[in-house]
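Participant: Just the structure for this:
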Amino acid sequence: MRNRAPDEATLLSPQDWALPVPIAYGPGRLAEIGPRCGEMGVRNPLVVTDRGSAGLPFVARLCELLTRESLSPALFADFSPNPVGEEIGAGREAFRAGGHDAVIAIGGGSAMDAGKALCLAAGIETDLWAFDFDRPPPIPPPGAAFPRLVTIPTTAGTGAETESTAMVTHAGKGMKFCLWHPQLRPSLALLDPELTVGLPPNLTAWTGADALTHAIEALLVPGYHPLCDAAALEALGLIAAWLPVAVREPANMTARGGMLMGSCLAGIAFLKGLGLVHAISHMVGAEFDTHHGLTNAILLPAVLRFNLPGMEEKTARMAEAMSLPGRSVDGFIASVESLLDEIGIPRSLGEIGVPADCAARIAGKAMQDAAARTNPRAASEVEVRGLVEAAIARGRS
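Facilitator: Model prediction:
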């Protein structure tokens, strides 16, 4: 039997963890950002977010709290929802021109990606694309170091706050690339569920479905990684319990806390790898600028129908973690589809403007994505094209 989920008192109380990076969780903890930056020796941070978030209250509040502690923050927000390489270059110039000593990334997945990519590029004269996950990481010159990175997620979905990977679009190739370096690690991930309360129901659903996808795909990745698998299962329990509530009751702080915690755990889990949902979604987003979490959610059932047959044991473990009534492959997929229906996810990629004639092109690009290599079932380009076509035409059964 699955352990009892965290209760309301736990989800509303401050929690501190050191694995895999220092994490400060709890309602109202944004108020600690000034003293915490001071303890790290940060004096002149660059606050990074995307264009859509720049005018939101949490950005002004963050800058106010930093200034109150005699820090000198500046804001750079010239990033798209799917950040592109040229924008990272502009951010690097702003970082250097301002003599900044840290990056504070605040917002959703785009802000996390932009902040991390900016940190990779800020201090060393290396082409951004040299940090491609599929290449040996560049060796920084002696004495060079990446700037301190603080991550503050304001959506419960991306889970990108505890690791160094950043998804950045190469405009010339129309592809997303995973950029990273093992020496870049967030110095602090600050998880304050109060910051997610203003998220509208549709974005709550889209980002929450992103977290669900992370946990499922991470658990299905082949290989033995008990830490990531345990995080994935706990994330599934939290998401199944609290995602519908967070969509239905946006001001429910317990639900917001449960989702933020679940999203973080799902993000830790996918250090193990991801699968074809993400491989395809990355390329759809690169071409059509679709919301990443929404794209994942629509793709998930088609990929599950391809992946899960023969994986009955892991399917049963996921169903148990989510307290689902059935344990079969068909029953699990039906329950996932029902959850997506409940939170208002569109049924097909066609409904969000992805055209049918892109399937072959998207499949070819997806085969080059790192996530395709950790999918639990090997797939040919023809099979991936079939998955894309199914998701465009009908999505859920």
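
Participant: what about V47, is that helix, strand or coil?
Facilitator: State at V47, reduced to three classes by DSSP: H, G, I helix; E, B strand; the rest coil: strand.

Participant: so it makes contact with L75?
Facilitator: Yes - using CB atoms under 8 Å, V47 is in contact with L75, at 4.8 Å. In short, each C-beta sits where N, CA and C put it, glycine included.

Participant: Mutual contacts of those two, please.
Facilitator: In terms of CB atoms under 8 Å, 6 or more residues apart in numbering, V47 and L75 are both contacted by the residues V59, C63.

Participant: more neighbours, the two?
Facilitator: Between V47 and L75, counting by other CB atoms under 10 Å, V47 is the more crowded of the two (25 against 17).

Participant: residues in contact with that one?
Facilitator: V47 is in contact with V59, L62, C63, L66, P73, A74, L75, F76, I104, I106, counting by CB under 8 Å, 6+ apart.

Participant: What of A144?
Facilitator: Shown in contact with A144 (CB under 8 Å, 6+ apart): G123, I124.

Participant: Redo the contacts of V47 as CSV? Include pLDDT, secondary structure and distance to D357.
Facilitator: As requested, the contacts of V47 are exported to CSV (pLDDT from 0 to 100; DSSP: H, G, I helix; E, B strand; the rest coil; distance: CB to CB, whole Å):
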residue, pLDDT, secondary structure, distance to D357
V59, 98, helix, 40
L62, 98, helix, 44
C63, 98, helix, 45
L66, 98, helix, 49
P73, 98, coil, 46
A74, 98, strand, 44
L75, 98, strand, 41
F76, 98, strand, 37
I104, 98, strand, 42
I106, 98, strand, 38
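
Participant: which one among these gets closest to E287?
Facilitator: Set against E287, the nearest of the contacts of V47 by CB to CB is F76 (26.1 Å).

Participant: Count residues in the vicinity of the closest residue to that closest one other than its chain neighbours, would you?
Facilitator: Spatially, and ignoring its direct neighbours in sequence, F76 is nearest to A94 (4.7 Å; CB to CB, 6 or more residues apart in numbering). A94 has 18 neighbours, counted by other CB under 10 Å.

Participant: ok, so what distance separates A94 from A122?
Facilitator: 10 Å (CB to CB, to the nearest Å).

Participant: State the helix or strand in which the residue nearest to F76 lies.
Facilitator: Under the criterion of DSSP states H and E, A94 resides in helix 85-97.

Participant: and that helix, what does it pack onto?
Facilitator: On a contact count with 3 or more CB pairs under 8 Å, 6 or more residues apart in numbering; DSSP states H and E, helix 85-97 meets strand 45-48, strand 74-76, helix 109-122, strand 166-170.

Participant: what's the next helix or strand after the last one packed up against?
Facilitator: Stepping forward along the backbone from strand 166-170, the first helix or strand reached (DSSP H and E) is strand 175-179. The helices and strands touching strand 175-179, judged by 3+ CB pairs under 8 Å, 6+ apart, are helix 109-122, strand 166-170, helix 276-288.

Participant: okay, the angle between the longest one and helix 85-97?
Facilitator: Okay, so that is helix 109-122. 60 degrees (axes from the mean of the first three to the mean of the last three CA atoms, to 10 degrees).

Participant: pLDDT below threshold where in the protein?
Facilitator: Low-confidence segments of the chain (pLDDT under 70): 1-5, 142-143.

Participant: Now do the strands in it.
Facilitator: For the chain, the strands defined by DSSP state E cover 15-17, 23-25, 45-48, 74-76, 102-107, 148-153, 166-170, 175-179, 188-191.

Participant: now those strands in JSON lines, with distance to V245?
Facilitator: JSON lines is the format used below for the strands of the chain (distance: least, CB to CB, whole Å):
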{"stretch": "strand 15-17", "distance to V245": "20"}
{"stretch": "strand 23-25", "distance to V245": "18"}
{"stretch": "strand 45-48", "distance to V245": "31"}
{"stretch": "strand 74-76", "distance to V245": "33"}
{"stretch": "strand 102-107", "distance to V245": "23"}
{"stretch": "strand 148-153", "distance to V245": "19"}
{"stretch": "strand 166-170", "distance to V245": "29"}
{"stretch": "strand 175-179", "distance to V245": "32"}
{"stretch": "strand 188-191", "distance to V245": "18"}
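
Participant: Which among the ones you listed is found nearest to S397?
Facilitator: That would be, of these and by CB to CB, strand 175-179, which comes in at 28.1 Å.

Participant: any idea which residue sits dead centre in this protein?
Facilitator: Nearest to the mean C-alpha position of the chain, by CA atoms, centre = their mean, lies T158 at 1.9 Å.

Participant: Quick one: residues contacting that residue.
Facilitator: G108, G109, M112, T207, D210, A211, S263, G267, H292, G293.

Participant: Start and end of stretch 338-355, how far apart?
Facilitator: From its first residue to its last, stretch 338-355 covers 25 Å (CA to CA, to the nearest Å).

Participant: What is the distance between the helix ranked longest in the chain and the centre of its chain?
Facilitator: Criterion DSSP state H: the longest helix present in the chain is helix 226-248. In terms of CA atoms, centre = their mean, to the nearest Å, the centre of helix 226-248 is found 14 Å from the chain centre.

Participant: helices or strands up against it?
Facilitator: The helices and strands touching helix 226-248, judged by 3+ CB pairs under 8 Å, 6+ apart, are helix 201-220, helix 253-269, helix 312-321, helix 329-342.

Participant: at 6 Å what do you get?
Facilitator: Helix 226-248 sits against helix 201-220, helix 253-269, helix 312-321, with contacts defined as 3 or more CB pairs under 6 Å, 6 or more residues apart in numbering; DSSP states H and E.

Participant: G99 is nearest to which of those?
Facilitator: Among the helices and strands packed on helix 226-248, helix 253-269 comes nearest to G99, with 31.3 Å by CB to CB.

Participant: which residues are in contact with the closest one?
Facilitator: Applying CB atoms under 6 Å, 6 or more residues apart in numbering, the contact partners of helix 253-269 are 8, 11, 27, 156-157, 159-160, 162, 191, 193, 196-197, 208, 211, 214-215, 218, 228, 231-232, 234-235, 238-239, 242, 245-246.
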